[in-house]
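Participant: Just to be clear, the model below is a prediction. Sequence and coordinates:
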There are 2 protein chains.
Amino acid sequence: MSYQLYYWPSIQGRGEFVRLALECAGAKYEDVARGKNGVEVMMKAMKRHGVFAPPFLIRGKTVVSHTALILHYLGPKLGLAPKAEAARLRLHALQLTITDFLAEVHDTHHPIANSLYYEDQKVEALRRTKLFREARIPKFLGYFETHATLPFSYVSLSLFQVMEGLDFAFPETMRKTSYKNLRTLQEKARKRLAPYLASERRIPFNQSGLFRRYPELDA
Amino acid sequence: MSYQLYYWPSIQGRGEFVRLALECAGAKYEDVARGKNGVEVMMKAMKRHGVFAPPFLIRGKTVVSHTALILHYLGPKLGLAPKAEAARLRLHALQLTITDFLAEVHDTHHPIANSLYYEDQKVEALRRTKLFREARIPKFLGYFETHATLPFSYVSLSLFQVMEGLDFAFPETMRKTSYKNLRTLQEKARKRLAPYLASERRIPFNQSGLFRRYPELDA
């Protein structure tokens, strides 16, 4: 049985963390919103299933929403997580910490409201992002660094995406850091994902996604 | 086997969502950080187990962190969630939506950084909270309202806490709203939690927690 992934068709965003797992495992899936009338189909499915926001995944009668939960569900099925409960709980907790970090990444460019343009909250964004670069990146990446040597899993793929995203959004800041384990993991994951990353299915980073490049927000 | 809950001892915060589940079920648990040298003991356990932040729960050799994941783990054990996978996934997704909402609640009074005082980000807080009141409360509560009639579970207890918190932090705003299902649920949960709510174990809302009362941020 194949998977139907529902996520915004023109950005990597949170959906990309699910795409990476499906792609790395060579799973059969449909990226529904990238098909014909995709967004309309997605919004209808979202309402029908009482889902709050994309991404969500459907497989047969099972509907799963929230990036971290989708990965928790998929992990053992895709061979990207052990089946034992203790290990699954541990990976899920790590993924939820990544979720928290991504919310902070988003709020660097949208500190006041998602409904406003970046330009209309740029002053606040400058202030928030300075503290994000100085305190939050070290706190989170320092933590992830100590977990980057765990056996390869969906969390490894997500940490790859975190590093790729930060390298895109904050190249100056990242150049000054040294996270040896995370960098090793990043290259390992890049190799496993090579066919996908070279394909058209990989949407490039852009200024509508989670990770955005505003030079004034970088160091 | 009893549970050890680790959370900040002087606030309700995110830990309260776990306390409510344990208390409602009459589970045996220790609120570790409220004991002697509690915070020190908590910080040591946090490091030892590679946990990012409180709350976390320990039961025997199992360590679980993140509010929503702790509740996902506890749910069936406490009789506050079904054992079937589809229902558990659904409740967990709902709880993760509550998690997202709580992050937004926190950021009403801390839109720039958690490390700064409210007074040092008050201008930004006023701007963020106006949009939070006008757009985010209706969006999230409107969604929760459509799920408030589901069978009683740990999510019901969390929705009770969300409503209590909003009533404390934004009384003027909440007075103008009408969420019939959520209000019914709130009273139902209050009855079940009556012994706990009347006890000294229930920490009152205060100005250090997640929900804070700043009249200028209310309508």
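Facilitator: That came through fine.
Participant: name the element the residue lying farthest from the centre of chain A belongs to?
Facilitator: Ranked by distance from the centre of chain A (Cα atoms, centre = their mean), the top residue is A:V123, with 26.2 Å. Using DSSP states H and E, A:V123 maps to helix A:122-131.
Participant: Need the contact partners of that helix.
Facilitator: With contacts defined as Cβ atoms under 8 Å, 6 or more residues apart in numbering or on different chains, helix A:122-131 is touched by A:107-112, A:118, A:214, A:216-217, B:111-113, B:115-116, B:124, B:127. For every residue, glycine as well, the C-beta is placed using N, CA and C.
Participant: Among the residues you listed, which ones are in helices?
Facilitator: Among the contacts of helix A:122-131, the members falling in helices (DSSP state H) are A:D107, A:T108, A:H109, B:E124, B:R127.
Participant: can you give me the helices for chain A?
Facilitator: Taking DSSP H as the criterion, chain A carries its helices at A:15-24, A:38-48, A:67-77, A:85-109, A:122-131, A:137-145, A:154-169, A:171-175, A:180-192, A:194-197.
Participant: rewinding a little: from the ones in helices among the contacts of helix A:122-131, which single one is nearest B:V41?
Facilitator: A:D107 (32.5 Å; Cβ to Cβ).
Participant: Which residue, other than its chain neighbours, is closest to the closest one?
Facilitator: A:R128 (6.5 Å; Cβ to Cβ, 6 or more residues apart in numbering or on different chains).
Participant: Need the per-residue pLDDT for the one you found.
Facilitator: On the pLDDT scale, A:R128 is placed at 97.
Participant: and if you look at A:A219?
Facilitator: At A:A219, pLDDT is 79.
Participant: Near it, how many other residues are there?
Facilitator: Neighbourhood size, A:A219 [other Cβ atoms under 10 Å in any protein chain shown]: 14.
Participant: so what's the nearest residue to A:E16 once chain neighbours are set aside up against?
Facilitator: Excluding the flanking residues, the one nearest A:E16 by Cβ to Cβ, 6+ apart is A:Q161, at 5.9 Å. By Cβ under 8 Å, 6+ apart, A:Q161 lies in contact with A:Q12, A:E16, A:F17, A:L20.
Participant: Distance-wise, check the residue nearest to A:I11 when sequence neighbours are not counted relative to chain B.
Facilitator: Sequence neighbours aside, A:G209 is the residue nearest to A:I11 in space, at 4.0 Å (criterion: Cβ to Cβ, 6+ apart). Note on A:G209: its distance to chain B, by Cβ to the nearest Cβ, to the nearest Å, is 18 Å.
Participant: now swap in A:H66 and tell me
Facilitator: Separation of A:H66 from chain B (Cβ to the nearest Cβ) stands at 4 Å.
Participant: How many residues are close by that residue?
Facilitator: Residues lying near A:H66 (other Cβ under 10 Å) number 29.
Participant: wouldn't it be in contact with B:L94 here?
Facilitator: No. Checked against Cβ atoms under 8 Å, the pair A:H66 and B:L94 is beyond contact range at 9.5 Å.
Participant: what residues does chain A put near chain B?
Facilitator: Contact residues, chain A versus chain B (Cβ under 8 Å from any Cβ of the partner chain): A:50-53, A:61-66, A:68-69, A:73, A:85-86, A:89-90, A:92-93, A:96-97, A:100, A:103, A:107, A:111-113, A:115-116, A:124, A:127-128, A:131-132, A:135, A:143, A:146-147.
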